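Novice: here you go, sequence then predicted model.
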Amino acid sequence: MACLYEYMPSIHYLLWENMRRSCLALHLTAALLLSSSVHLATAAPAATADAAASAATPLVIGESFTIDSQALKEQRHINVYVARAWDTPPDAPLPVLYMPDGGVAEDFLHVAGLLQVSVTNGTMRPFMLVGMQNTQRRRDLTGPTDSAEDRKIAPVVGGSQAYRAFIRDELMPEVKRRYRTTGETAIVGESLAGLFVVETYLLEPQLFDHYLAFDPSLWWNQGALPLQAADLLAKGKPGKRSLYLASSSEAGIAVEVQRLADVLQKQAPPGLQWHVEKMPEESHGTIYHPAALKAFRSVFKPQEPARQ
């Protein structure tokens, strides 16, 4: 059973990843076809009628820039969305939520939408979202592994240390240079991105203030992170941090999340606020959005106004 368990998470991951990429491709294709069909349907009447219709223009919800990364030896594309409340001054500094899988064809748009509606309806504080578009996702979001099955998911794995250096030494300083920020930071991710979030908290807890990981792939390297968590927590520097974990019905992931929760129950460092949200009604493919909604309302909830 142990060998079967070690093998199954990789199979599940590959199936889910292929399905996810296929769905994204279908969504993009559908959007392009819809855009084309609307344009074609309106083009003919406009040519014969006197009514003037403006040409279609891009719908802009944020901005993007690139970084020539020395840590990763490649150019990286960054997407930014600012979610302000109606009474937030336009020049007010904001906390920053960083997210791997932050491309427009990845998770950026639906997470930006959650920020927009949550800030607007007052269930979370204003935030800036910084999405990091992937180039080699399985390389960047995984740590070293001794498992031959893990190494089958991509030609190159185990690049999380370099990816963390890119965020720490290149991306975060660039965000501070370009935008007015408060200094408060958070990171959110699901699946392999959730694995990266947990690994970062255990190895470099000072990097962010808040860590949000949904269905993290803690089966990686035969469940090494949960097994090493006690020792890593003992070595870490105590500080005011928050860690929010969520797990779905995916058994191979839920058991590892629970294993990490058991360690936290016994020896969470001083100053750490942590929470595990079990969501068995969700699958690995559906958990991100509902888990993020709950996490944002919990971790980023607005401060109650002081009583007079």
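Specialist: That came through, no problem.
Novice: quick one: low-confidence parts of the stretch 51-200 of the chain?
Specialist: Applying pLDDT under 70 to the stretch 51-200 of the chain flags the ranges 51.
Novice: ranges for the strands of it?
Specialist: Here the stretch 51-200 of the chain has its strands, by DSSP state E, counting those that start in this stretch, at 63-69, 74-83, 94-99, 127-132, 181-190.
Novice: only the buried residues of the second one, if you could.
Specialist: Spelled out, it's strand 74-83. The neighbour-count check on strand 74-83 (16 or more other Cβ atoms under 10 Å) flags R76, H77, I78, N79, V80, Y81, V82, A83 as buried. To be clear about C-beta, it is placed using only N, CA and C from the backbone, and glycine gets the same treatment.
Novice: also the last one?
Specialist: Residues of strand 181-190 classed as buried: T181, E184, T185, A186, I187, V188, G189, E190 (neighbour count, 16+ other Cβ under 10 Å).
Novice: tell me how far the ends of stretch 121-129 are from each other?
Specialist: One end of stretch 121-129 to the other measures 17 Å (Cα to Cα, to the nearest Å).
Novice: for that stretch, the distance to its chain's centre please.
Specialist: Chain-centre distance of stretch 121-129: 16 Å, with Cα atoms, centre = their mean, to the nearest Å.
Novice: what's the answer for stretch 281-290, then?
Specialist: Relative to its chain's centre, stretch 281-290 lies at 14 Å (Cα atoms, centre = their mean).
Novice: oh, and call the first residue 91 from now on, that's how I've got it
Specialist: Shifting the count to begin at 91 puts that one at stretch 371-380.
Novice: show me what counts as buried in it.
Specialist: Along stretch 371-380, these residues count as buried under the neighbour rule (16+ other Cβ under 10 Å): E372, H374, G375, I377, Y378, P380.
Novice: which of the buried residues of strand 271-280 sit farthest apart?
Specialist: T271 and E280 (24.1 Å; Cβ to Cβ).
Novice: isn't L333 up against Y291?
Specialist: Yes. The pair L333 and Y291 qualifies as a contact (Cβ atoms under 8 Å) at a distance of 5.8 Å.
Novice: so the two - more neighbours on which side?
Specialist: Y291 (26 against 23; other Cβ atoms under 10 Å).
Novice: is the residue nearest the centre of the chain in a bridge, and if so with what?
Specialist: Nearest to the geometric centre of the chain sits G279, at 3.0 Å (Cα atoms, centre = their mean). As for beta bridges, G279 partners with A303 under DSSP bridges.
Novice: which residues are in contact with D158?
Specialist: Q165 (Cβ atoms under 8 Å, 6 or more residues apart in numbering).
Novice: gap between it and K391?
Specialist: Distance, D158 to K391, by Cβ to Cβ, to the nearest Å: 38 Å.
Novice: same question for M222.
Specialist: 25 Å.
Novice: thinking again about what came up before, can you list the strands of the stretch 141-290 of the chain in JSON lines and add distance to R258?
Specialist: JSON lines is the format used below for those (distance: least, Cβ to Cβ, whole Å):
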{"stretch": "strand 153-159", "distance to R258": "12"}
{"stretch": "strand 164-173", "distance to R258": "14"}
{"stretch": "strand 184-189", "distance to R258": "11"}
{"stretch": "strand 217-222", "distance to R258": "13"}
{"stretch": "strand 271-280", "distance to R258": "11"}
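Novice: which one of those lies closest to R228?
Specialist: Per Cβ to Cβ, nearest to R228 of those: strand 271-280, 13.4 Å.
Novice: so what touches the closest one?
Specialist: With contact meaning Cβ under 8 Å, 6+ apart, strand 271-280 is reached by 183-191, 197, 201, 217-218, 231, 262, 265, 285-287, 290, 297-306, 377-378, 381-382, 385, 389-390.
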